[in-house]
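[1] quick one: sequence plus predicted model below, questions after.
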Amino acid sequence: MDDVLYTIMPISTIFEEDTKPGNYQEIIYDGIQMQVEHIHLNKFKIIRLYSTDPADYLKTYLQPGEIINI
């Protein structure tokens, strides 16, 4: 039996990671483990945070899509 996913989101948004190649790495920045994509030299784009502290997700400089320098 097939699974059915009822959503208003486009299928490309739901399965975006599977179709989008990237140079992803897991790092610890500011004491928080996260997944980043290498952009250029020491610049990385935040993809996702791996944190159990809700306060970490409220930090604007750690939002997905932000560029950090390491």
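    In hand now; what should we look at? Nothing here was measured: the structure is a model prediction, and the numbers come from that model. Numbers count the residues shown, from 1 in each chain.
[2] least trustworthy helix or strand in the protein by mean pLDDT?
    helix 16-19 (a mean of 56; mean pLDDT, DSSP states H and E).
[3] so, low pLDDT: which residues of this protein?
    Where the chain drops to pLDDT under 70, the residues are 1, 16-22.
[4] point to the residue nearest the middle of it.
    Nearest to the geometric centre of the chain sits residue 47, at 2.0 Å (C-alpha atoms, centre = their mean).
[5] off-centre distance for the helix or strand that contains that residue?
    Residue 47 is part of strand 43-50, with elements assigned from DSSP states H and E. Averaging C-alpha positions (C-alpha atoms, centre = their mean, to the nearest Å) puts strand 43-50 5 Å from its chain's average.
[6] now swap in stretch 43-51 and tell me
    Counting by C-alpha atoms, centre = their mean, stretch 43-51 comes out at 5 Å from the chain centroid.
[7] which other residues reach that stretch?
    With contact meaning C-beta atoms under 8 Å, 6 or more residues apart in numbering, stretch 43-51 is reached by 22, 24-27, 32-39, 56-57, 62-70. In short, each C-beta sits where N, CA and C put it, glycine included.
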